[in-house]
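Trainee: Need coordinates for the following:
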Amino acid sequence: MGRIAGRFARVEPRRRARAFVLGLLSDLPRKNCWTLAEHAGDATPYGLQHLLSRARWDADAVRDDIRDFVVEHLHHEDAVLVVDETGDLKKGTHTVGVQRQYTGTAGRIENSQVAVYLAYSTPLGHAAIDRELYLPRSWTEDTARCRAAGIPDSVAFATKPALAARMIGRALDAGVPASWVAGDEVYGGNPHLRTELEKRQVGYVLAVACDHRITTRAGKFRADALVKKLPKRAWQKLSAGVGATGHRFYDWALADIADDRPGHHQLLVRRNRRTRELAFYRCYSPKQVPLSTLVQVAGRRWTVEETFQSGKGLAGLDEHQVQRWASWHRWVTLAMLAHAFLAVVRADEHARHPKPEGLIPLTCNEIQRLFIALVVRLVHGATHRLDWSHWRRRRQAPSQASHYQRQAAQT
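Mentor: So this is what the prediction gives:
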């Protein structure tokens, strides 16, 4: 918290930010301003709501502090920037960015809010270092709706790959040491993102669809058609990294892409050794690299999924109940800070105790449990608990009465 203290002009929001992050690191079953305020010992949630909505502090500056903190502690020569989006299911139509859209979280079209994140991934650990909220055209084309949600007039529609390029550019301009970018088909199929990375001479391993068109010296082919022309000797068994059950072995093959631009352009193919299912990656590197390097970068993409899982499960990344632009950015930024803390402590513990005898290395989940038990646990008297029960029921009573009135009117 000392690293971001200077971002707050007054001591009150600085202290509330600390209480907020401690609440996010707690074991509360639900994390919102009401529960976090009760956990902090406040009489009402108004202070934390003020922190998210009206207090004067720069969430983007705190984001930059988080990026520097993560890079400082997880720095490694094999660092990869991983980009991906995640969706949070939301009700109503007033929450910023919400509309019916596809989200991988639900696996279908739902009323949801989608954001694109950039994760810094190394063999030491991984954590999110940037975020951009995706605004559909239904929002950016409705000026009144945007102003009601507090969206600045300067914000225009941008695709998810464009948001990814913006975040990658910020990281590289800030000196983040990373030679590779990884992402799924949403980003691999976008030629503008690939071109921007090539201009910066940053290598990439980006997934593409099976119908992605590949130009070779023998002609233009779909990716799945090109695979059939590969000889058996082209396939190699390699590990894409260590998973929960050990090394993730696949068969891999590489095909050159005919491209007049500088650098090396290739199609990487992954084949499941049991189901024979195929996955395809478009690759670029300023200098020629071995197949094993491309495989390791491709395997690193999955760390962003682990970042989402632990960020949501341990730090309340998706539990925000805010509707406005500034509040969303402030909540997710402080949640990123909470998760980054866990990731850095984990990396530090693994460095000091790489192979504890008879034990598995400490996980983020176990670190959170120990942190709660040894540091966070606060004890409040019965009066505090009863006061909060009274406050909640008093606030919920008008909502319940209004709901019953609407039901009666409809009937």
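Trainee: ok, now how distant is residue 148 from residue 295?
Mentor: Remark: distance between residue 148 and residue 295 (Cβ to Cβ, to the nearest Å) = 48 Å. Using the backbone N, CA and C atoms, a C-beta is placed for each residue, glycine as well.
Trainee: wait, I meant residue 258
Mentor: Counting by Cβ to Cβ - residue 258 and residue 295 are separated by 23 Å.
Trainee: and what of residue 206?
Mentor: Shown here: residue 206 relative to residue 295, a distance of 14 Å by Cβ to Cβ.
Trainee: likewise residue 115?
Mentor: Residue 115 is 29 Å from residue 295, by Cβ to Cβ.
Trainee: So between residue 148 and residue 295, which is more surrounded?
Mentor: Using other Cβ atoms under 10 Å, the more surrounded residue of residue 148 and residue 295 is residue 295, with 22 against 13.
Trainee: which helices and strands sit right next to the helix or strand hosting that one?
Mentor: In this structure, residue 295 sits in helix 291-300 according to DSSP states H and E. Packed against helix 291-300 by the contact rule (3 or more Cβ pairs under 8 Å, 6 or more residues apart in numbering; DSSP states H and E) you find strand 80-89, strand 180-183, strand 203-208, strand 236-243, strand 246-256, strand 264-271, strand 278-285.
Trainee: so which of those strands is the most packed in?
Mentor: With neighbours defined as mean count of other Cβ atoms under 10 Å, the helices and strands packed on helix 291-300 peak in mean count at strand 180-183, which reaches a mean of 28.
Trainee: Need the contact partners of that one.
Mentor: With contact meaning Cβ atoms under 8 Å, 6 or more residues apart in numbering, strand 180-183 is reached by 79-84, 121, 164, 168, 197, 202-207, 297-298, 300-301.
Trainee: which SSE is the residue nearest the centre of the chain in?
Mentor: The residue lying closest to the centre of the chain (Cα atoms, centre = their mean) is residue 117, at 4.0 Å. Assigning secondary structure by DSSP H and E places residue 117 in strand 108-122.
Trainee: what's the next helix or strand after that strand packed up against?
Mentor: The helix or strand immediately downstream of strand 108-122 is strand 125-133, counting by DSSP H and E. Judged by 3+ Cβ pairs under 8 Å, 6+ apart, strand 125-133 is in contact with helix 59-74, strand 108-122, helix 160-173, helix 303-315, helix 325-352.
Trainee: Check which residues of the following helix or strand past strand 125-133 are buried.
Mentor: Moving toward the C-terminus from strand 125-133, the next helix or strand (DSSP H and E) is helix 137-140. If you call a residue buried by 16 or more other Cβ atoms under 10 Å, then helix 137-140 has these buried ones: 139, 140.
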